[in-house]
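1. Structure for this input, please:
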Amino acid sequence: MNNSNILLFDAECILCNKSVQYILKHDSKKIFQFASLQSDFGQQTLKKYNLPTDSYSTVLFLQDEKLFSKSTAALRAFSMLSAFRKIALCLLIIPTPIRDLVYTIIAKNRKRFFKNEISCLIPTEELKDKML
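-> Numbers count the residues shown, from 1 in each chain. From the prediction side, this is the model:
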């Protein structure tokens with residue numbers, strides 16, 4: 001399995017969990033691995049890149065030892081799925097501060113957007129094999 005495309009996410013965030021489920025379902029090339037930010041791997045990664053170990057407000061994407069965050073992380077990950085490749089690559093043209101502003105607004109309101117849903121990712125066998 002390829003260890004160079006790792007999506008780190010907040011295990012308590014329903015939007016993050018839905019994104020992981022979507023990527024898992026559409027990862028036809030089986031190139032992604034996943035880790036929660038709260039996991040040992042997630043905490044080690046946060047420390048390695050000098051990021052706070054108690055803040056989970058952004059998704060991170062570790063690709064070939066380079067760490068991306070916020071909108072860049074999400075768009076880089078989704079650009080690896082054939083259905084989103086062109087759209088994600090086009091959105092990467094938008095300046096990062098603008099993209100990250102939109103990302104931050106969504107991140108701050110994610111609990112309100114999904115207030116009636118339970119944020120529990122039930123790992124399938126396939127997901128268990130891809131979790132770090």
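2. Secondary structure element holding I106?
-> If you go by DSSP states H and E, I106 is part of helix 96-113.
3. quick one: buried residues of that helix?
-> R99, D100, Y103, A107, R110 (16 or more other C-beta atoms under 10 Å). Backbone N, C-alpha and C define where each C-beta goes, glycine included.
4. Same question for stretch 38-52.
-> Result for stretch 38-52 [16+ other C-beta under 10 Å]: buried residues Q38, F41, G42, T45, L46.
5. Please save the CA atoms from that stretch in CSV.
-> The C-alpha trace of stretch 38-52 is given here as CSV (Å, rounded to 0.1, in the frame of the first residue of the first chain):
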residue,chain,number,x,y,z
GLN,A,38,-6.4,12.2,17.8
SER,A,39,-4.6,8.9,17.1
ASP,A,40,-1.0,8.2,18.0
PHE,A,41,0.0,8.6,14.3
GLY,A,42,-2.0,11.9,14.1
GLN,A,43,-0.4,13.3,17.3
GLN,A,44,3.1,12.3,16.1
THR,A,45,2.5,14.0,12.7
LEU,A,46,1.3,17.2,14.4
LYS,A,47,4.4,17.2,16.6
LYS,A,48,6.7,16.5,13.7
TYR,A,49,5.3,19.5,11.8
ASN,A,50,5.2,21.7,14.9
LEU,A,51,1.4,22.0,14.9
PRO,A,52,-0.8,22.2,18.0
